[in-house]
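*Asks:* need coordinates for the below:
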Amino acid sequence: MTDYAAYTGGPQHTFARHDNVAPSPQIAFQPIIDLDTGTVVAVSAPAPMGHISELESDVDRAILAAHATSQRETLLPLHVFLRAQTLTDDRSMDHLHRTLTGLGRRPGGVIVSVSGLFGAMPLAEAAGRLGRLRAIGYLIGIERVEDLPSRFVAELAPSVLTLDPELSRRASADPRRAALVDGLVSMGRRTGGHVLAPGIVDEEQLTKLRGLGVRLAQGPLLAPPDWRPGIPVNVHLGPRETDRLGPRVTEFMLPATVMPENATAEAVFAAFNAEPNTTSVVLVDPAQRPRYTVDRTRFLLKFAGAYGHALHAHKPANRLADQPRTVPRTVPAIAALRAAGDDAARVYDDLVVTDEVGRCMGIARVGDLIRSLSELERRTAS
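*Replies:* Residues are numbered from 1 along each chain as shown. Down below sits the predicted model:
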């Protein structure tokens with residue numbers, strides 16, 4: 001690995017302009033849906049549509065996806081895909097990191113999903129290379145996680161554990177495969193990750209996977225083929241049936257919308273305007289540590305008020321922000337909820353989940369905690 005780990009900063013503006021870049025070909029965007037709230041929590045662009053002769057590697061495809069989302073000015077976390085062999089190409093990884101940060105994509109807002117780990121390299125080497133990516137701040141995902149040794153997955157503790165689409169399909173009718181999914185959900189819950197089920201095509205499949213505890217999903221049932229960032233999805237979700245006790249706050253953690261701590265109010269407004277489901281923006285320092293949180297409602301009341309644009313647009317957004325309410329990723333959800341109640345004026349503000357060295361891992365919405373823990377209490381009482 002070369003020195004790309006040294007570059008953790010980002011541009012002064014949220015979306016860097018690249019007038020000399022050729023227009024991007026059409027990208028097959030897919031939303032990642034949170035099955036607890038029915039909202040889009042990340043944008044995935046797995047492959048270009050049509051023949052793209054100039055694409056030579058998965059790094060090129062990832063950069064193409066980043067360009068396309070920057071042109072659409074969405075700060076939803078970007079989900080990109082790399083082959084395991086690419087991790088060994090330090091030059092390509094350095095190029096990818098520099099390009100992402102140049103486009104305003106800070107590591108904490110990028111999920112790097114890796115495929116083909118089994119047999120591509122010794123697992124110890126793979127863990128080391130993925131660990132370096134995580135040290136920079138990237139969220140780590142594993143494709144077809146069921147193919148890998150469970151001990152390796154548990155020690156790696158990825159943020160996103162993606163199932164094979166065939167496993168997603170067959171788990172709804174095959175008890176053995178359902179048991180496998182249930183085990184992966186349990187592992188993810190205890191290590192701070194969420195299972196992602198791709199290829200959801202019908203309500204029965206969705207209901208079964210939600211019943212097994214799957215939190216994230218993709219597929220034609222959830223969004224049309226021509227979906228684009230900023231288009232709302234309409235997902236009707238019934239109550240989730242689980243029997244979990246004492247969940248950690250990471251079970252409710254969602255990817256955060258992150259921006260540099262010196263981002264302008266106009267840039268934050270653009271982020272809120274582009275994504276109506278974004279409830280907060282976390283302003284982080286170059287080491288990915290949260291410095292401020294911008295609550296959507298309070299920010300828009302000030303920015304959209306009389307003379308709000310003139311007074312605030314070109315000034316730092318942190319003037320309209322609050323100190324982050326951080327919770328360590330290891331705390332139980334009930335403890336996080338109690339922490340949320342310490343400040344009556346901000347009781348419903350998003351909580352910022354941090355790792356052992358204080359870096360932003362994601363957010364937890366207080367409403368999600370209240371709903372889930374109330375349901376848990378109801379089941380316990382009955």
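
*Asks:* so how many other residues sit close to Thr88?
*Replies:* Counted with other Cβ atoms under 10 Å, the burial measure for Thr88 works out to 15 neighbours. Placement of C-beta: from N, CA and C, glycine included.

*Asks:* which residue, other than its chain neighbours, is closest to it?
*Replies:* In space, Thr88 comes closest to Met121 once its chain neighbours are excluded; the distance is 6.7 Å by Cβ to Cβ, 6 or more residues apart in numbering.

*Asks:* surely that neighbour and Arg83 touch.
*Replies:* No. Using Cβ atoms under 8 Å, Met121 is not in contact with Arg83, being 10.9 Å away.

*Asks:* list the contacts of stretch 345-353.
*Replies:* Here stretch 345-353 makes contact (Cβ atoms under 8 Å, 6 or more residues apart in numbering) with 249-250, 253, 256, 279-280, 282, 290, 293, 295, 322, 324-329, 336, 339-341, 343, 360-367.

*Asks:* now Leu96: which helix or strand?
*Replies:* In the assignment (DSSP states H and E), Leu96 maps to helix 90-102.

*Asks:* so what's the most centrally placed residue in the chain up against?
*Replies:* For the chain, the residue whose C-alpha lies nearest the mean C-alpha position (Cα atoms, centre = their mean) is Pro255; its distance is 3.4 Å. Contacts were defined as Cβ under 8 Å, 6+ apart; by that measure Pro255 touches 41-42, 76-77, 109, 111, 139, 362-363.

*Asks:* and the strand or helix carrying Arg176, how far from the chain's centre?
*Replies:* Mapping Arg176 onto the secondary structure by DSSP H and E places it in helix 175-191. Using Cα atoms, centre = their mean, to the nearest Å, the distance from the centre of helix 175-191 to the centre of the chain it belongs to is 20 Å.

*Asks:* which elements pack onto it?
*Replies:* With contacts defined as 3 or more Cβ pairs under 8 Å, 6 or more residues apart in numbering; DSSP states H and E, the secondary structure elements packing on helix 175-191 are helix 150-156, strand 160-162, helix 165-170, strand 194-197.

*Asks:* using JSON lines, lay out these together with mean neighbour count and mean pLDDT.
*Replies:* Formatted as JSON lines, the helices and strands packed on helix 175-191 follow (neighbours: other Cβ atoms under 10 Å; pLDDT from 0 to 100):
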{"stretch": "helix 150-156", "mean neighbour count": "15", "mean pLDDT": "92"}
{"stretch": "strand 160-162", "mean neighbour count": "28", "mean pLDDT": "96"}
{"stretch": "helix 165-170", "mean neighbour count": "19", "mean pLDDT": "93"}
{"stretch": "strand 194-197", "mean neighbour count": "28", "mean pLDDT": "95"}
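
*Asks:* returning to that earlier point: tell me the buried residues in the helix holding Arg176?
*Replies:* For helix 175-191, the buried set under the neighbour-count rule, 16 or more other Cβ atoms under 10 Å, comprises 177-178, 180-182, 184-185, 187-189, 191.

*Asks:* find the least confident helix or strand in the protein, judged by mean pLDDT.
*Replies:* None of the helices or strands of the chain scores lower by mean pLDDT, DSSP states H and E than helix 366-381, at a mean of 76.

*Asks:* spatially nearest residue to Val327 (excluding sequence neighbours)?
*Replies:* Spatial nearest neighbour of Val327, excluding adjacent residues (Cβ to Cβ, 6+ apart): Ala336 at 4.6 Å.

*Asks:* helix or strand right after the one helix or strand the one you found maps to?
*Replies:* When secondary structure is defined by DSSP H and E, Ala336 falls within helix 333-340. Scanning the chain past helix 333-340 towards its C-terminal end, the next helix or strand to appear is strand 351-354 (assignment: DSSP H and E).
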